[in-house]
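Participant: after the sequence you'll find the predicted model.
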There are 6 protein chains.
Amino acid sequence: MKEEAKKRIAVFPGTFDPITKGHVDILLRAVPLFDEIVVAIGSNSVKNSLFDLDLRLGWLKDVFRNHPKIKVGQYEGLTVHYCKEIGAHYLIRGLRNASDFDYEKTISQLNSIVGEDIDTVFLISRPEFSHISSTIVREIIKGKGNIKSFIPSEIIIDYDKIS
Amino acid sequence: MKEEAKKRIAVFPGTFDPITKGHVDILLRAVPLFDEIVVAIGSNSVKNSLFDLDLRLGWLKDVFRNHPKIKVGQYEGLTVHYCKEIGAHYLIRGLRNASDFDYEKTISQLNSIVGEDIDTVFLISRPEFSHISSTIVREIIKGKGNIKSFIPSEIIIDYDKIS
Amino acid sequence: MKEEAKKRIAVFPGTFDPITKGHVDILLRAVPLFDEIVVAIGSNSVKNSLFDLDLRLGWLKDVFRNHPKIKVGQYEGLTVHYCKEIGAHYLIRGLRNASDFDYEKTISQLNSIVGEDIDTVFLISRPEFSHISSTIVREIIKGKGNIKSFIPSEIIIDYDKIS
Amino acid sequence: MKEEAKKRIAVFPGTFDPITKGHVDILLRAVPLFDEIVVAIGSNSVKNSLFDLDLRLGWLKDVFRNHPKIKVGQYEGLTVHYCKEIGAHYLIRGLRNASDFDYEKTISQLNSIVGEDIDTVFLISRPEFSHISSTIVREIIKGKGNIKSFIPSEIIIDYDKIS
Amino acid sequence: MKEEAKKRIAVFPGTFDPITKGHVDILLRAVPLFDEIVVAIGSNSVKNSLFDLDLRLGWLKDVFRNHPKIKVGQYEGLTVHYCKEIGAHYLIRGLRNASDFDYEKTISQLNSIVGEDIDTVFLISRPEFSHISSTIVREIIKGKGNIKSFIPSEIIIDYDKIS
Amino acid sequence: MKEEAKKRIAVFPGTFDPITKGHVDILLRAVPLFDEIVVAIGSNSVKNSLFDLDLRLGWLKDVFRNHPKIKVGQYEGLTVHYCKEIGAHYLIRGLRNASDFDYEKTISQLNSIVGEDIDTVFLISRPEFSHISSTIVREIIKGKGNIKSFIPSEIIIDYDKIS
């Protein structure tokens, strides 16, 4: 493992359906560690998202508009292939609770094998964000509950457009 | 959270009683993320170590001799106080399994409160190292078993000196 | 948090598809803590149940017929909205194993935020019931296995009607 | 299981060495569920406490001075024997994370066997308190760190008296 | 429980979609404990497999061709019914991580109740295999990544035939 | 790994301080899998036991008196060294809950490395035994509680001799 300088590019992958305050917290804490971070939406033909891809990409751009080191991207296929394509050697992941752990461990070990030179850096969610997940935010949106304390203020959900 | 450059100093704290290949793996993977990493032995009057402090400090110096970004240190008291003293804003911790997780989460959250501006970066042990812990290596040493596959080759244990 | 008397109403939410002896155990143990408990089936247009809503509501009424403090209800949308509607300030949940825990923690924390004044009380399943889940009971039913030791005696499953 | 009224007395057992904001949160949330709650210090000749019993009992009395339903007690031996002695049929326990779960499950199941008619009610710590434990607070005290955000304001620690 | 000799037949059930090096490791380690092991594919009309049943059965036969104690089988319905049909009193399961545990515990307890005289023997995956799961291998295949280090060399995947 | 016949000897190691019904359950379920099982007490100069070694060995002999395949043994030092000495290639361990898992995984992986040809077979405790541990039984004994439902009927505890 060589220690000399290379430009530190990291990918923060997700579906961001929608992006939450938990995602923002992890990403902003990771910024000082890297020269560039690409928040990237992996699109996947199988899994249906609640919000369409363009809307989600737009939200990411709005939320990180004032952070020059943060770029927004999208990709299809394996995350590690995307990393190679853009020269990223790191993945960033947030860990919320012990249930996340074994899954994230498995994925990170596979990524380091399939992706060869790609390592994953983990940050643990802060207490005030560790109960927030996109999955549950979607459930609350469907039930027309108030989600304003879970998502960035830049995001306005039009409840009438949710089926 | 400001994004501009500050010298990225991290502390990798432990008792290293003894240092294992697992520690070395985590530390070398963390090197590219920081400008300087201090591997530091927290000494604690209560907990008895199997190997004395000077021996452990000497091992660390031997193992990381050829890594200019890695320094060796020691401290008493709280890890976050030591971080402040040397200007470190990051802690590095390895996670081996889900059992480690809740403990490490608690500690990292407390450190960010007591230490104010100190964040913790986690790496997950690679499969070939995730079963290695100093605690168990000490048990094997006491039972006079062979530990050569668990510790760096620089370390020679004199079994006759172990009570 | 005021300590004076208010009528203690709790909701025990679920799909009860079908109700199991595990549910009955949790509910009966919770009875002395509340003035009224509403066992309520949350209906959800997306998730298909094996047994239809009316059948499940009928089973609940049969099983708790002799318990005056237990009512049977149903609702659509968020559980916390239903709680508000009927004046309940508590949710009751059973915990079977550590895998349940992080999910239940997340949900209960969200409920206390979205639902404002709603708290969740947990009971841990007794050993003889902690291996019973509706999900697995459904699998056994589909495989035409014997489930009589997992569900209340009031419930008769007509295996010929299961597709 | 009879449903008619009996006076609902619960015990909230612990060493409270020292009492934390996490304990206070659990206890106050449990108050509306019971007619009387005894916060009780189990003294144990083997385990050494950092603070002596009288100091800890005094703290409990100070903190809960204005809560008429909360009493302060102490006992030796098994918790379930103490429950019987004072007519309590419930234990109250807080759960912070999945690591707590299996231990608490085991203890609660044993208590229901050894104590016969004694059940345990669990509340999950709220996010802002789930990283606080007496064990870690003691470590911070020993390291002379600031613990004011972890303990009730009624408690003043005299750092000079800590060895 | 009688201790005298009966022919020890075990079933190693799965979907093997596809079989991985992790499965092979568990199975070969279990061979010395039994007189006969049937690797059996449970087919299930609901869950869609990536590879069709005949292909998966063919792979199993190829991989275990030189192991006379290993047979290949298939079944519909409950695994315990299949065990009875072929006179097997044991199930073999691999455990990879703590997340697997509670699920496997529940299933094995139900199997011992529904199947009466059927017990489950567990082996823990070795470090070099514990990050391999069929689910993730399928994801990598769909993303056209290299999976050769995760599956037995006998298996050739024709990527053009994967939709 | 060769498949031909070798005498299958297994060691079931523990401190058995005291032996519980949980141990007995695991051991009797393992009997049909092996030709000989040695229940062995590892003595360890450091850890103090509540009951002395001779008493514990005597209990084991009493409890398994009518099981010709079960022998009773004792050893000092590493368990894997003892296995080699007596020609055992297997260890038997019970798993009670997810908290046990990561510890047992680590130990079994180390044993397979340090002990070379030694594998570990796991059985999961049945529901009626999974809350029983020697640690907790000792606590109940010290508190003079009734432990008769947790230990084999052959064992009579003389409470007056417990300090």
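Facilitator: Yep, that arrived.
Participant: up against chain E, what does chain A have?
Facilitator: Residues of chain A lying near chain E by Cβ under 8 Å from any Cβ of the partner chain: A:77-78, A:80-81, A:98-99, A:101-103, A:105-107, A:109-110, A:113-114. Where C-beta positions appear, they are placed from N, C-alpha and C, glycine not excepted.
Participant: one more pass at 7 Å, please.
Facilitator: Residues of chain A found near chain E (Cβ under 7 Å from any Cβ of the partner chain) are A:Gly77, A:Leu78, A:His81, A:Asp102, A:Tyr103, A:Thr106, A:Gln109, A:Leu110, A:Ile113, A:Val114.
Participant: take the residues you listed and keep only those in helices.
Facilitator: With helices defined by DSSP state H, the entries of those inside them are A:His81, A:Asp102, A:Tyr103, A:Thr106, A:Gln109, A:Leu110, A:Ile113, A:Val114.
Participant: who wins on neighbours among the residues you listed?
Facilitator: Using other Cβ atoms under 10 Å in any protein chain shown as the neighbour criterion, A:Leu110 leads those with 23 neighbours.
Participant: from what I see, that one and E:Ile136 are in contact.
Facilitator: Yes. At 5.9 Å, A:Leu110 and E:Ile136 qualify as touching, with contact defined as Cβ atoms under 7 Å.
Participant: how close does A:Val114 sit to chain F?
Facilitator: 24 Å (Cβ to the nearest Cβ, to the nearest Å).
Participant: same thing with A:Phe150?
Facilitator: From A:Phe150 to chain F the distance is 29 Å (Cβ to the nearest Cβ).
Participant: which residues does that residue contact?
Facilitator: A:Thr20, A:Lys21, A:Ile132, A:Val137 (Cβ atoms under 7 Å, 6 or more residues apart in numbering or on different chains).
Participant: isn't the first one up against A:Thr135?
Facilitator: This points to A:Thr20. No. Contact criterion Cβ under 7 Å: A:Thr20 and A:Thr135 do not qualify, at 10.2 Å.
Participant: the more surrounded of these two?
Facilitator: It is A:Thr20, of A:Thr20 and A:Thr135, that has more neighbours when counted by other Cβ under 10 Å, with 22 against 10.
Participant: SS state for A:Thr135?
Facilitator: helix (DSSP: H, G, I helix; E, B strand; the rest coil).
Participant: tell me the pLDDT of it.
Facilitator: Note for A:Thr135: predicted pLDDT of 89.
Participant: over to A:Pro68?
Facilitator: pLDDT, A:Pro68: 97.
Participant: and chain A, which of its residues are near chain C?
Facilitator: Checking chain A against chain C by Cβ under 7 Å from any Cβ, the hits are A:Asn97, A:Ala98, A:Ser99, A:His131, A:Ser133, A:Ile136, A:Ile140, A:Gly143, A:Lys144, A:Gly145, A:Asn146, A:Ser149.
Participant: export only the CA atoms of the helix or strand A:Ile41 falls within, formatted as CSV.
Facilitator: Using DSSP states H and E, A:Ile41 sits within strand A:36-43. C-alpha atoms of strand A:36-43 as CSV (Å, rounded to 0.1, in the frame of the first residue of the first chain):
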residue,chain,number,x,y,z
GLU,A,36,-13.6,15.4,-4.0
ILE,A,37,-16.7,13.5,-3.1
VAL,A,38,-19.3,12.3,-5.6
VAL,A,39,-22.8,11.8,-4.2
ALA,A,40,-24.0,9.3,-6.7
ILE,A,41,-27.4,7.8,-7.4
GLY,A,42,-27.2,4.2,-8.5
SER,A,43,-30.1,3.5,-10.7
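Participant: so, in contact with chain B or not, it?
Facilitator: No. Strand A:36-43 stays clear of chain B (Cβ under 7 Å from any Cβ), getting no nearer than 10.3 Å.
Participant: buried residues in that strand?
Facilitator: A:Glu36, A:Ile37, A:Val38, A:Val39, A:Ala40, A:Ile41, A:Gly42 (16 or more other Cβ atoms under 10 Å in any protein chain shown).
Participant: which of the residues you listed sits closest to chain B?
Facilitator: A:Ile37 (10.3 Å; Cβ to the nearest Cβ).
Participant: dump the residue contacts of that closest one.
Facilitator: Going by Cβ under 7 Å, 6+ apart, A:Ile37 touches A:Ala10, A:Phe12, A:Leu27, A:Ala30, A:Val31, A:Lys69, A:Ile70, A:Ile92.
Participant: in chain A, which spans are strands?
Facilitator: A:9-14, A:36-43, A:70-76, A:90-95, A:119-124 (DSSP state E).
Participant: ok, so of the residues of chain A next to chain E, who is nearest B:Tyr159?
Facilitator: Set against B:Tyr159, the nearest of the residues of chain A next to chain E by Cβ to Cβ is A:Gln109 (34.1 Å).
Participant: next one: that closest one from E:Thr106, what distance?
Facilitator: 26 Å (Cβ to Cβ, to the nearest Å).
Participant: before we move on, what about A:Gly73?
Facilitator: 41 Å.
Participant: just A:Pro13 next, same as before
Facilitator: 32 Å.
Participant: try A:Arg29
Facilitator: Distance from A:Arg29 to E:Thr106, counting by Cβ to Cβ: 37 Å.
Participant: in its sheet, what does the strand holding A:Ile41 sit against?
Facilitator: strand A:9-14 (parallel), strand A:70-76 (parallel) (DSSP bridges).
Participant: list the contacts for the residue in chain A that chain B sits nearest to?
Facilitator: Closest to chain B within chain A is A:Phe122: 4.0 Å, counting by Cβ to the nearest Cβ. Listed by Cβ under 7 Å, 6+ apart, the contact set of A:Phe122 reads A:Arg93, A:Leu95, B:Phe122, B:Ile124.
Participant: swap in A:Gly73?
Facilitator: Per Cβ under 7 Å, 6+ apart, neighbours of A:Gly73: A:Val38, A:Ala40.
Participant: one more: A:Arg93?
Facilitator: Counted by Cβ under 7 Å, 6+ apart, A:Arg93 has contacts A:Glu104, A:Thr120, A:Phe122.
Participant: what bits of chain A have low per-residue confidence?
Facilitator: Residues of chain A meeting the criterion pLDDT under 70: A:1-5, A:45-47, A:163.
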